[in-house]
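Q: Starting from these lines, generate the structure:
(3 chains)
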Amino acid sequence: MSATGWADYVEEVLDVVATIPAGRVLSYGDIAEILGRGGPRQVARVMATAGGPVPWWRVVRADGRPAPCHDGEADRLLLAEGTPLRAPGRVDMGSARWRA
DNA sequence: AGCCTGACAGATA
DNA sequence: GTATCTGCCAGGC
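A: Modelled structure (predicted):
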């Protein structure tokens, strides 16, 4: 039952991203898993199309590397929020991974 | 209708 | 450690 349209999916994804506290991060696949539908590509698509009003920098790849867009900006923002970095420009998944 | 691209993920070399 | 391929799902041409 996927009576949910694209707009609803966008709202759910943005809602989850907006719920991520500062200093924590979630991977695209994690968000997809939390929602229970779609996939990492769909979450990424939402961020690319309507990820403006949300802290997109708190959404990183499974490797812990920030999204390829505004790379330097993501690093700066994550560092400013005190996100556990395993290396410069790389987030420590395992500590920074947020859980509801 | 088909083909290509992509803010991804996992495996392999 | 990085580079490359494939698989997945949806959108754009």
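
Q: which residues touch residue A:50?
A: Neighbouring residues of residue A:50 by C-beta atoms under 8 Å, 6 or more residues apart in numbering: A:10, A:14. For every residue, glycine as well, the C-beta is placed using N, CA and C.

Q: For it, report the pLDDT, please.
A: If you check residue A:50, the pLDDT there is 89.

Q: Then residue A:2?
A: 47.

Q: Helices of chain A, start to end?
A: For chain A, applying DSSP state H gives helices covering A:6-19, A:28-35, A:40-50, A:71-81.

Q: Tell me which of those helices sits nearest to residue A:56.
A: helix A:40-50 (5.5 Å; C-beta to C-beta).

Q: if we can go back for a sec, can you redo the helices of chain A as CSV with distance to residue A:100?
A: Below are the helices of chain A laid out as CSV (distance: least, C-beta to C-beta, whole Å):
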stretch, distance to residue A:100
helix A:6-19, 7
helix A:28-35, 7
helix A:40-50, 16
helix A:71-81, 18
